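In: 3D, please:
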Amino acid sequence: MFFAALLIIGQILDPNVTGYTFVKLGVGVRPVAMGGAFSAMSDDGHAVFWNPSGLGVADSYHIIGMAMNHLTYFKYYNLTSALPIGKNDAVGLGLSYLGATDIEYSERGEELGEFTNADMLLNIGYGRSFGKRKTISFGGSVKVVRGQLYDYSSYGVLADLGLLWNPFKYVYLGTVLKNLGTRRRYIEIWEYPPVNFRQGVAVKIPFRENQLALSVDYSAYHFKTTLAVGGEVLIRDPRLLGSSNQRKISGFAIMAGYQSGYGEGTFSGFSMGFSVELSVSEGLYLDIGALLLSYGYLGSSERIALGLNYVPTRGRANKSSSQSGRSKS
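Out: Alright, predicted model coming up:
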């Protein structure tokens, strides 16, 4: 146990040994649009990637697919879900793929054709909450990662452990330790997982059928620390949506955030996005979302998402966690 602790501390503090940069990319429109301040906000299908303990408070069946154009050259695809299996627990499943094409040349400079460098990830998580109002929740996930670099491949297994606490009615505290796991090797080069420690606080304030959420995250990778802040306004009141009870548009959300640590241009680190919720049938909703994340001089990352959300219970206005779990692609 002592040596395991030393290994974890060493991976957090040593900036020269980490790899697996693929797992640092944020998943989902809603979390990334909020600047990545999602450790305490996790309450939907994205929880399996951000804080698996949030699966314990997810009370709707949620599946979301995301496509991303990352800095022009990279394509990133993700599918994630939350599947309740009881009143206080749920499992989460996630798949991710990041790929970029390159050109192979002969020693004489002749083009030999294209090849793809790629990373793939399978994520399985579980979360369980305790208490009448799900006051505290614990969760964990296991990630199997495969990398392909030209003709060479590598494998690794990582794990996340999380805690979510609701000490007061509208206040949530989240802690998660991410990417604990095995090293992997390309040819003769070993790389270690980027262990990440995150803590966050979120405030979710319901008003009528709507909700205002504010969140802050502190994140540490080795010696580098970052601070993320985000906000979200969720509208479901028919009077504000300007439609009848038979409305097709049942919800609308706007998210914005900022994460420090980029510093490569005027708007570097800022993000904003939106999502629209469409009522398909009783309890079934279609979510459509998009965001823009600026890297300043380096360019930007655009993401779109499409999701389905099934809510088996009624009275959604009184369920803030259910509200947060919908209309958030």
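
In: Could you say which helix or strand holds the residue of the chain most remote from its centre?
Out: Most distant from the centre of the chain: Arg108, at 44.7 Å, with distances by CA atoms, centre = their mean. Using DSSP states H and E, Arg108 is not contained in any helix or strand.

In: same deal with Asp43?
Out: Using DSSP H and E, no helix or strand contains Asp43.

In: Report the beta-bridge partner residues of the nearest residue to Met272 once chain neighbours are set aside.
Out: Spatial nearest neighbour of Met272, excluding adjacent residues (CB to CB, 6 or more residues apart in numbering): Ala256 at 4.3 Å. Where you see a C-beta, it was placed from the backbone N, CA and C, and this is true even at glycine. Beta-bridge pairing for Ala256 (DSSP bridges): Gly231, Met272.

In: Let me see the ranges of the helices in the stretch 1-150 of the chain.
Out: 2-13, 29-33, 47-50 (DSSP state H, counting those that start in this stretch).

In: Of those helices, which shows the lowest average pLDDT?
Out: For these, the weakest mean pLDDT is recorded on helix 2-13, namely a mean of 44.

In: coming back round to it: double-check the residue nearest to Met272 against Ala37; I have them as touching.
Out: No. Contact criterion CB atoms under 8 Å: Ala256 and Ala37 do not qualify, at 10.7 Å.

In: so what sits against both of those two?
Out: By CB atoms under 8 Å, 6 or more residues apart in numbering, Ala256 and Ala37 have these common neighbours: Gly230.

In: tally of neighbours for Ser106?
Out: 8 (other CB atoms under 10 Å).

In: Please read the previous query as pertaining to Val29.
Out: Val29: 30 neighbours (other CB under 10 Å).

In: if I look at it, how far off is Phe74?
Out: Distance of Val29 to Phe74, computed by CB to CB, to the nearest Å: 17 Å.

In: Tell me the first helix or strand C-terminal of the helix or strand containing Leu292.
Out: Element membership for Leu292 (DSSP H and E) is strand 284-294. Next in sequence after strand 284-294, counting helices and strands by DSSP H and E, comes strand 300-310.

In: Buried residues in that next one, which are they?
Out: For strand 300-310, a neighbour-count test (16 or more other CB atoms under 10 Å) marks Ser300, Ser301, Arg303, Ile304, Ala305, Gly307, Leu308, Asn309, Tyr310 as buried.

In: Contacts only, for the closest residue to Trp190 other than its chain neighbours.
Out: Spatial nearest neighbour of Trp190, chain neighbours left out: Arg183 (5.2 Å); criterion: CB to CB, 6+ apart. Contact analysis of Arg183 by CB under 8 Å, 6+ apart lists Gly156, Trp190, Glu191, Tyr192, Pro193.

In: Show only the entries of those found in strands.
Out: Gly156, Trp190, Glu191 (DSSP state E).

In: quick one: low-confidence parts of the protein?
Out: Residues of the chain that meet the criterion pLDDT under 70 lie in 1-19, 70-72, 243-247, 262-266, 313-329.

In: Name whatever forms a beta bridge with the closest residue in space to Ile64 that isn't next to it in sequence.
Out: Closest residue in space to Ile64, ignoring its immediate chain neighbours: Gly307 at 3.6 Å, by CB to CB, 6+ apart. Taking DSSP bridges as the rule, Gly307 bridges to Ile64, Asp287.
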